[in-house]
Every structure is written in structure tokens, then in C-alpha cells.
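Student: Got a sequence here, can you model it:
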Amino acid sequence: MLGTGGAYDGRGQLSPRTLAAQTAALQRVLREQGLERGFSGIVDATRRYLAVLLRDRYARPLRWAAEELARKGVDPDVAKQIQLRQARFRLPGSADWLRNVTLKDIIYKSLERCRAAFDCQDPATGAPVNLLDLYQDLERVLLVSADPGYVYERLQQLAADAQLGGVRWDGGGAHAGAPWSPALPTDAELVMHVFVCRCNELLARTPAERLDGAPFASRFYDEVPAAALDPGRYRSRVVLVRTDVRGGGGGAGGGGGNGGGAPHYQVVAGGEVWTVPAGRLNVFQAIALFLWAVKRFKSGYLGDVNLRHEVLDDVFIESPAVG
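Tutor: Numbers count the residues shown, from 1 in each chain. Alright, predicted model coming up:
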């Protein structure tokens, strides 16, 4: 297994020798899996799936929810979590004012005292939905960073491209009038976090687990330093692993890692580490290989949940050469 530890030279650039070795290791995996000719198509289809997921499941609903909250009196920047507090907020249908409150304060107080005032229709499906419940369901995708306002804005920017062509694996977008900094998540981290959030939702057994649990991240995603990665610890599971981390790792759920470092994701399948080269395609290739392994070794199942209709068909029906 070729980790990220030696992948960078003293200037922070990818070492050509290590990158070449990682690429050769990936080619070996592709030969063994019969994917030499079809893998680029799987990666392209995975990229399109992730673009639709990011846009339709998170970016657009978050924007709509923030706009609806603003119509209810929430400061627009507070609704987008760009600003932490607003000076005052009046509960709908009440003469009472909340003062110096966060969005969380507003949501909790409104759920207690005027929940029905936030009933509305889902713009995508027309189904009845409570705006506060919907926002709490979506909010987890913002929590990959200590600056959720940045995540909100960057998701909106990335959602504009149907191929996620604007994704920067080792950086992100400008924020608050300043260039991207390592204190913020990279775009590759955001893409992985979106994928992990969706898989957590699909594997959740109860509404409480859907809201607060991490059934996917706790079993099928991990963060472990490359030198400490032991595929045997995962037994027969297929696992996405981030290996550029320092310390003990711990399956944070798609973010964290080195705190702004370019992420390096790999896959454990069949008791082996499938090396994925570091670089701009790493997150897409890792997720594509992970889905292939789930399809081949687990018949499309993660635990007792079949991912075929929700995920796999979107990728592999578009890749008939290997479907």
C-alpha cells in the first residue's frame, strides 16, 4: 500500500516518483478487477452522480430553506450561517421577541411554541413538510467545518457545474472577501462529506438516527494515518479511508483530517488496500472504486441496505461496459 506520507516533496508538491508508484498500483487493481477499459467511464458517471446529489439533495434545498426562513423573519445571513446571531427575532403569531439569538435558538424555540407556523410544501415534491425539520435534516452537511457559512456558499458555487468541474482537490473558494485558506475544508473534503452524509441517511434505521447518527461513517468510512492502515481491522467490510491524517484518525465522517491539507482517500476491499493516486481526481476515483467494490463483493448491499436504486444504478447504468 502506497500512502500519502511520501507523496509530497519539501515544497508541498506531489513527488513524481511516489505519484507514479501510486498510479501503477491503481492500474494493477484495475487489471485485477477487469476495469482497465471501463474505469474512466465509471469515474465520469460517479462525478455526474455526485454533482446531482450535491445540487438536488443539499445545495438547492438549503437555499430554499434559507430563503423561507428569511421570509419568517430570520436574518438572511443568519439563515445561511454566515452570521452567528441576530439582534432580535419575533416568534410567528406572537408578541414575544427573542433577543441576541442564534439560528439554533430560533429553531428550538419555534419548535416548542409555534411549530405549525413553519408548515409548508416541499418545492421539489409538493409534499407537506415542516421548514424547521427540513432545515435540521439538511444542516448536517454544513457541519464539516467550523465555518458553516463558507460551506453553504461553496456548495452553491459548486452546484452550478453539472460535472463539478470547479472542484479544487487542494483548495476551495474565496470567502468573506479573502482567498481560501487551510482553515477551511478543501472542495474534495466537501464532496466526500456530501457522499458520506447521503450514505448516513440511506443507512439510518430511525428518524433519530437519521438526524444524529452516522451509521455509514461509523462502519464504512475511516481516517487513519497511512503508516497505520491495517486492512485486516475491517475484516470483510468495504471501507473508504482517508490516509493523510495525523494521529489516531477516527472516522470523522468525511472531513477533518489534516485541518486544511489536501485529502488522500483510498479504498479497502477484499482484505486489501486499493491505492488511489493523490491528486485532483482522487476523491472521484476513490468513491468510484468504493461503489464498484460494493457492487461486486457485496451485491450492492452495505449492511442490510441495498444501494442499487439509490446510488449504484445512477453510476453503473451509465457505464454499460462494466455494468
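
Student: can you pull out the helices in the protein?
Tutor: All helices of the chain, identified by DSSP state H, fall at 16-32, 39-52, 60-71, 76-79, 103-113, 131-139, 148-158, 187-203, 207-212, 217-220, 282-297, 313-316.

Student: Spatially nearest residue to residue 29 (excluding sequence neighbours)?
Tutor: residue 274 (4.8 Å; Cβ to Cβ, 6 or more residues apart in numbering). No exception for glycine: its C-beta is placed from N, CA and C like everyone else's.

Student: so how many other residues sit close to the one you found?
Tutor: 26 (other Cβ atoms under 10 Å).

Student: related to what we said a few turns ago, which of the helices of the chain comes out lowest on mean pLDDT?
Tutor: Of all the helices of the chain, the minimum mean pLDDT falls on helix 207-212 (a mean of 75).

Student: Need the helices of the chain in TSV (columns: distance to residue 266).
Tutor: Below are the helices of the chain laid out as TSV (distance: least, Cβ to Cβ, whole Å):
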stretch	distance to residue 266
helix 16-32	9
helix 39-52	15
helix 60-71	30
helix 76-79	38
helix 103-113	36
helix 131-139	29
helix 148-158	23
helix 187-203	12
helix 207-212	27
helix 217-220	13
helix 282-297	6
helix 313-316	19
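
Student: Make JSON lines out of those helices and add mean neighbour count and distance to residue 168.
Tutor: Below are these laid out as JSON lines (neighbours: other Cβ atoms under 10 Å; distance: least, Cβ to Cβ, whole Å):
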{"stretch": "helix 16-32", "mean neighbour count": "16", "distance to residue 168": "18"}
{"stretch": "helix 39-52", "mean neighbour count": "20", "distance to residue 168": "14"}
{"stretch": "helix 60-71", "mean neighbour count": "18", "distance to residue 168": "21"}
{"stretch": "helix 76-79", "mean neighbour count": "18", "distance to residue 168": "25"}
{"stretch": "helix 103-113", "mean neighbour count": "17", "distance to residue 168": "28"}
{"stretch": "helix 131-139", "mean neighbour count": "19", "distance to residue 168": "24"}
{"stretch": "helix 148-158", "mean neighbour count": "21", "distance to residue 168": "10"}
{"stretch": "helix 187-203", "mean neighbour count": "24", "distance to residue 168": "5"}
{"stretch": "helix 207-212", "mean neighbour count": "12", "distance to residue 168": "31"}
{"stretch": "helix 217-220", "mean neighbour count": "18", "distance to residue 168": "23"}
{"stretch": "helix 282-297", "mean neighbour count": "24", "distance to residue 168": "11"}
{"stretch": "helix 313-316", "mean neighbour count": "20", "distance to residue 168": "23"}
